[in-house]
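A.B. asks: Make a model of this:
(2 chains)
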Amino acid sequence: AQRVTQPEKLLSVFKGAPVELKCNYSYSGSPELFWYVQYSRQRLQLLLRHISRESIKGFTADLNKGETSFHLKKPFAQEEDSAMYYCALKNYNQGGKLIFGQGTELSVKP
Amino acid sequence: DGGITQSPKYLFRKEGQNVTLSCEQNLNHDAMYWYRQDPGQGLRLIYYSQIVNDFQKGDIAEGYSVSREKKESFPLTVTSAQKNPTAFYLCASSERGYNEQFFGPGTRLTVL
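C.D. replies: Down below sits the predicted model:
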């Protein structure tokens, strides 16, 4: 079954510390993975996707097919990174729907 | 913030009543989606539509209904058959079903 797992509900770090938000997936085909972010009082928005291999706001994520993981990393966290982060997997069997993980709340303390 | 609009922002309903949530987009997108967001459960797909006059059930369609009479509109009706309707509802759209999805601001429904 297709599934996305984010094991941490809450991750709290101090400003300037490295951050890693974990995401593991289960998918029978070739996966297409995304990270979405939801800042307080703002709508859910795409942060990055694995096929772009880009860095957005200092965040990167590498797809590791061997470990079926797509962890989100940032070397130095900023207070404005505090938000809810969702890992998502695209399911081509249902009109391209997204399968979301449970979400991880990142709190960056000053 | 244009693109996708949802109304109302907050909605209160009495038990036993049907209620309709609005979702409109001016992005000329073919595909539209409804997700439900509950704390600790992420987002789950309710219904999706890849083209006008066609829609498909998602993972949790029971107690919900939709219509897609116009390309820009995809209203969701929460019926009295939905056992636990209190949640945050998100609408999304994409150019085709397999492209990036853009999300609306959401509607918070509370059943009193």
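
A.B. asks: residues in chain B within reach of chain A, list them.
C.D. replies: Where proximity means C-beta under 8 Å from any C-beta of the partner chain, the interface of chain B facing chain A comprises B:1, B:31, B:33, B:35, B:40-45, B:48, B:50, B:56, B:58, B:90, B:94, B:96-101, B:103-106. Placement of C-beta: from N, CA and C, glycine included.

A.B. asks: Sort out which of these are buried, if you could.
C.D. replies: Burial by neighbour count, 16 or more other C-beta atoms under 10 Å in any protein chain shown: within those this picks out B:31, B:33, B:35, B:42-45, B:48, B:50, B:58, B:90, B:94, B:97, B:101, B:103-106.

A.B. asks: Among the residues of chain B next to chain A, which lie within helices?
C.D. replies: Secondary structure of the residues of chain B next to chain A is defined by DSSP state H; no position falls in helices.

A.B. asks: what's residue 78 in contact with, if anything?
C.D. replies: Just so you know, I chose chain A. Residues near residue A:78 by C-beta atoms under 8 Å, 6 or more residues apart in numbering or on different chains: A:15, A:58, A:108.

A.B. asks: wrong one, I was asking about chain B
C.D. replies: Under the criterion of C-beta under 8 Å, 6+ apart, the neighbours of residue B:78 are B:13, B:18-21, B:63-64, B:85, B:109.

A.B. asks: now with 7 Å?
C.D. replies: Contact criterion C-beta atoms under 7 Å, 6 or more residues apart in numbering or on different chains gives B:18-19, B:21, B:63-64, B:85, B:109 as the residues in contact with residue B:78.

A.B. asks: where does it land on pLDDT?
C.D. replies: Residue B:78 is assigned a pLDDT of 95 by the prediction.

A.B. asks: Across the sheet, point out what pairs with it.
C.D. replies: residue B:19, residue B:64 (DSSP bridges).

A.B. asks: quick one: it from residue B:101, how far?
C.D. replies: Using C-beta to C-beta, to the nearest Å, residue B:78 is found at 21 Å from residue B:101.

A.B. asks: Let me see the mean pLDDT of the lengthiest strand in chain A.
C.D. replies: Scanning chain A for the strand with the most residues, using DSSP state E, yields strand A:83-91. Mean pLDDT, computed over strand A:83-91, is 93.

A.B. asks: mind saving the C-alpha coords of that strand as PDB?
C.D. replies: C-alpha atoms of strand A:83-91 as PDB (Å, rounded to 0.1, in the frame of the first residue of the first chain):
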ATOM      1  CA  ALA A  83       5.700  26.000  10.400                       C
ATOM      2  CA  MET A  84       3.900  22.700   9.700                       C
ATOM      3  CA  TYR A  85       5.700  20.600   7.200                       C
ATOM      4  CA  TYR A  86       4.100  17.800   5.200                       C
ATOM      5  CA  CYS A  87       5.800  15.200   3.100                       C
ATOM      6  CA  ALA A  88       3.700  14.000   0.100                       C
ATOM      7  CA  LEU A  89       3.800  11.300  -2.500                       C
ATOM      8  CA  LYS A  90       2.000  11.500  -5.800                       C
ATOM      9  CA  ASN A  91      -0.200   8.600  -6.700                       C
END
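
A.B. asks: Alright, I will stop here.
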